[in-house]
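S.K.: Model the structure of this input:
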Amino acid sequence: MPVSRPWLDARDPWRFVDNDPEPDPTVFVPYLAHLETPDGPIHQPAMWAICGRTVFIQPGGDFPLAGVVAGRIDIRPLPADWHRLRAAHPRAYEQWGAHEAREAYQWARDGMSAEDIADHLARPPGHITTKLARVQAVVDATGSAPPRIESTPYHATLPLTEPSDADAEQPDRPPRPWFDEDPETDPTAHLRFVLHLRDDRDKTETTEPVYEVQLRTGATWYHRVRDGRHLRPRLTDLTAGGWVEIRPVPADQEQLRATYPAAYLPWSARDALLVLSAGRDEHGLTGNPRIAELGRPPEHVAAKYARLEELARAAREPGPRAELAPYHRAHPHVEGEYIVRVLNRANPRQVAERAGATDVTLLDGWFACTLTDEQREALRADPDVDYISDNAIIELR
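M.R.: Model (predicted):
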């Protein structure tokens, strides 16, 4: 697959001396993409990239994620002299703005020194000298000089600055519900992206499965799977860089998605609870139309239900409970008949059997039944019970 070079503008053949950062030693290109596609490999330097539903790299183009077999995007470490040069020249290693290099060439032809040009552009004098040599090479090769610039119509690129709130404390999030399973451990879900970050200062490496990665000019933004946080470590903190791993899809994903479009997508907590309640219902998973609307393979749904029941067993608390479950009275009501609400970690059928309830009708997370007073009080001590209510009589007047 050919990679376009959008900075080569046929109407302005000189523009590439500003915006061709790939071989330019005065510009730091933070990312390098290596993508495997059905049409062949792609190797593309990038000023920024987004890995989500598509893999978008700039410059380069937009590659649908379905068309990327596998690959990685390297986060390159900062040049060794980055901090020293930036302390004195804030735009050191920044991408050159449109007309900026040609303007520097014009100033040099007018007799301005490299040091004066460096002060004007906030770039190191050595970079100015290197860039002028690159422009001169183009002049020598083409036999013509760029047209004189009377004004400066470029928009300078944003400098690689540190976000002002990068170190701000984030509020603690509520703990993840037991049924919201990490897709990294769930065989019915597949995550395409794994982020690897390295820090030479404390010799650490972080490996993080993520939903999305945005490789920005100054920071790496990513959406964590384990707690849902959006984090953005600064490039200046990643002294050894890292990479985004784009993992290959499961062998049967394309075949399954032709019929079940949500095959291998991570589960939402809401959909997981739906599978759990449907599996416990008397009609089961196959008889629930809402399950069919999820767009997932039946074997994946069945496997998810089995995993959820395992997680539910692990999440249950041993009894007896410290306080009895609430008992909501109703007047009038049917004597001896009750509605029992159980916690979502508990199977209503098993709770009813354990209590010896009769005339049981299973509902979604509830069950209606007949109990003796002793059975009712025993259920109130059951750690799987949320509360018990009388079977109220509703009078229409």
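S.K.: show me where pLDDT drops low in the stretch 51-200 of the chain?
M.R.: Where the stretch 51-200 of the chain drops to pLDDT under 70, the residues are 59-61, 150-173, 200.
S.K.: Apply 50 and report the result again.
M.R.: 153-164, 166-167 (pLDDT under 50).
S.K.: would you list every one of the helices in it?
M.R.: 82-88, 100-109, 114-121, 125-142 (DSSP state H, counting those that start in this stretch).
S.K.: hmm, who's touching the longest one?
M.R.: Taking contacts as Cβ atoms under 8 Å, 6 or more residues apart in numbering, the residues outside helix 125-142 that touch it are 13-14, 17, 24-26, 89, 92-93, 96, 101-102, 104-105, 108, 114-115, 117-118, 121, 145-146. In short, each C-beta sits where N, CA and C put it, glycine included.
S.K.: Report the buried residues of that helix.
M.R.: 125-129, 131-132, 134-135, 138 (16 or more other Cβ atoms under 10 Å).
S.K.: Also stretch 241-252?
M.R.: So for stretch 241-252, counting by 16+ other Cβ under 10 Å, buried means 241-246, 249.
S.K.: Among the residues you listed, name the ones in strands.
M.R.: Under the assignment DSSP state E, those contribute 242-246 to strands.
S.K.: okay, now the domains of this protein?
M.R.: Domain assignment of the chain by automatic domain parsing yields the ranges 257-315, 327-392.
S.K.: Distance to Leu32 and mean pLDDT added to the ones you listed, as TSV?
M.R.: Below are the domains of the chain laid out as TSV (distance: least, Cβ to Cβ, whole Å; pLDDT from 0 to 100):
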stretch	distance to Leu32	mean pLDDT
domain 257-315	28	92
domain 327-392	46	93
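S.K.: Could I get those in a markdown table, plus columns for distance to Thr217?
M.R.: Compiled in a markdown table, the domains of the chain are given as follows (distance: least, Cβ to Cβ, whole Å):
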| stretch | distance to Thr217 |
| --- | --- |
| domain 257-315 | 29 |
| domain 327-392 | 44 |
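S.K.: Minimum distance to Glu212: which of those has it?
M.R.: domain 257-315 (11.5 Å; Cβ to Cβ).
S.K.: Can you measure across the closest one, start residue to end residue?
M.R.: End-to-end span of domain 257-315 (Cα to Cα, to the nearest Å): 32 Å.
S.K.: do the same with stretch 313-329
M.R.: 30 Å.
S.K.: cool, stretch 257-275 as well?
M.R.: 19 Å.
S.K.: Now do the buried residues in that stretch.
M.R.: 257, 260, 262-267, 271-275.
S.K.: Could you work out the most separated pair of the residues you listed?
M.R.: Taking Cβ to Cβ as the measure, these have their most distant pair in Arg257 and Leu273, spaced 23.7 Å apart.
S.K.: Would you mind checking the contacts of helix 125-142 for buried ones?
M.R.: 14, 17, 24, 26, 89, 92-93, 96, 101-102, 104-105, 108, 114, 117-118, 121, 146.
S.K.: mind checking how far Ser277 is from Ala368?
M.R.: 16 Å (Cβ to Cβ, to the nearest Å).
S.K.: Give the helix, strand or coil label for Gly319.
M.R.: coil (DSSP: H, G, I helix; E, B strand; the rest coil).
S.K.: my bad, should have said Glu282
M.R.: Assignment for Glu282 (three-state DSSP): coil.
S.K.: So it is in contact with Leu362, correct?
M.R.: Yes. Counting by Cβ atoms under 8 Å, Glu282 does reach Leu362; the two are 5.7 Å apart.
S.K.: When these two are compared, which one has more neighbours?
M.R.: It is Leu362, of Glu282 and Leu362, that has more neighbours when counted by other Cβ atoms under 10 Å, with 18 against 8.
S.K.: that older thread, out of the ones in strands among the buried residues of stretch 241-252, who's nearest Glu374?
M.R.: Checking those one by one against Glu374 (Cβ to Cβ), the nearest turns out to be Glu245, at 59.4 Å.
S.K.: show me the contacts for the closest residue to that closest one other than its chain neighbours.
M.R.: Among residues not flanking Glu245 along the chain, Val194 sits closest, at 4.2 Å (Cβ to Cβ, 6 or more residues apart in numbering). By Cβ under 8 Å, 6+ apart, the contact set of Val194 is 207-210, 244-245, 247.
S.K.: again with Tyr264
M.R.: 188-190, 249-250, 253, 256-257, 300.
S.K.: and the gap between Leu379 and Arg341?
M.R.: Distance from Leu379 to Arg341, by Cβ to Cβ: 11 Å.
S.K.: So which bits of stretch 36-49 are buried?
M.R.: Quick answer for stretch 36-49 (16+ other Cβ under 10 Å): 37, 42, 44-47, 49.
S.K.: Output that stretch in PDB with nothing but the alpha carbons.
M.R.: The C-alpha coordinates for stretch 36-49 follow below in PDB (Å, rounded to 0.1, in the frame of the first residue of the first chain):
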ATOM      1  CA  GLU A  36       1.200  -5.300   8.400                       C
ATOM      2  CA  THR A  37      -1.700  -5.000   5.900                       C
ATOM      3  CA  PRO A  38      -3.000  -7.400   3.200                       C
ATOM      4  CA  ASP A  39      -1.400  -5.200   0.600                       C
ATOM      5  CA  GLY A  40       2.000  -5.300   2.200                       C
ATOM      6  CA  PRO A  41       3.900  -3.700   5.100                       C
ATOM      7  CA  ILE A  42       3.800   0.000   5.900                       C
ATOM      8  CA  HIS A  43       6.700   1.800   7.500                       C
ATOM      9  CA  GLN A  44       5.800   5.400   8.300                       C
ATOM     10  CA  PRO A  45       7.300   8.100  10.500                       C
ATOM     11  CA  ALA A  46       4.500  10.000  12.200                       C
ATOM     12  CA  MET A  47       4.200  13.300  14.200                       C
ATOM     13  CA  TRP A  48       1.100  11.900  15.800                       C
ATOM     14  CA  ALA A  49      -1.100   8.800  15.600                       C
END
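S.K.: Check the offset of that stretch from the chain's centre.
M.R.: 20 Å (Cα atoms, centre = their mean, to the nearest Å).
S.K.: of the contacts of Val194, closest to Gln350?
M.R.: Closest to Gln350, out of all of those and judged by Cβ to Cβ, is Pro209, at 33.7 Å.
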